[in-house]
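> Turn this into a model:
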Amino acid sequence: MKQENINRRRRKGGRPAKNDPATECVMVRFNAREYARFLTLFEQSGVKAKAVFIKARVFNQPFRVVKTDRAALEYVAKLTTFYAQFRGIGTNYNQVVKELHSNFSHKKALALLFKLEKLTTELAVTGQQIIALSKEYEEKYLQK
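Predicted structure coming up:
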């Protein structure tokens, strides 16, 4: 009976205990100017938690500054929307061809497919121009 009670106590749920848990807490107070400076340093560091940032600064760990280029972010965002539009066109392409064949005569469907083919080649040329511009942008402005 005692052995059974001991086994029950050992089976605890939850996540495993840490080897060296952080149990001590230190509090820091800033005035408005100091806090503004702290926040700019914290944002530049790229660290996700303020406590981790403070701990790294106290123990003289290296301080990394991560800067984001707003222009590059905007360019990538617009490029992503272009990509989404291209994917949308690709998924609808087959549906359009099926509808042309099912709803129009053979001759009319071929005429419309010819127009669709011309527009598709224009779209492919535009896609190649986007790729070329992206490579040029990467070489000029995104140098590591």
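
> Now do the helices in this structure.
2-10, 32-45, 50-58, 70-103, 106-141 (DSSP state H).

> Point out the other helices and strands that the longest one packs with.
When you say that, I think you mean helix 106-141. When contacts are defined as 3 or more CB pairs under 8 Å, 6 or more residues apart in numbering; DSSP states H and E, helix 106-141 sits against helix 70-103. Every residue, glycine included, has its C-beta placed from N, CA and C.

> Can you spell out the domain ranges of the protein, please?
Here the domain parsing of the chain from automatic domain parsing is 22-67, 70-141.

> Put together a markdown table for those domains, with mean neighbour count on each row.
Formatted as a markdown table, these follow (neighbours: other CB atoms under 10 Å):
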| stretch | mean neighbour count |
| --- | --- |
| domain 22-67 | 11 |
| domain 70-141 | 11 |
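
> would a markdown table of the ones you listed with mean pLDDT be doable?
Below are the domains of the chain laid out as a markdown table (pLDDT from 0 to 100):
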| stretch | mean pLDDT |
| --- | --- |
| domain 22-67 | 85 |
| domain 70-141 | 83 |
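
> Distance to residue 16 added to these, as CSV?
Output for the domains of the chain, formatted as CSV (distance: least, CB to CB, whole Å):
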stretch, distance to residue 16
domain 22-67, 16
domain 70-141, 39
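
> Go through these and name the closest to residue 15.
domain 22-67 (15.0 Å; CB to CB).

> gap between the closest one and the chain center?
Offset of domain 22-67 from its chain centre (CA atoms, centre = their mean, to the nearest Å): 25 Å.
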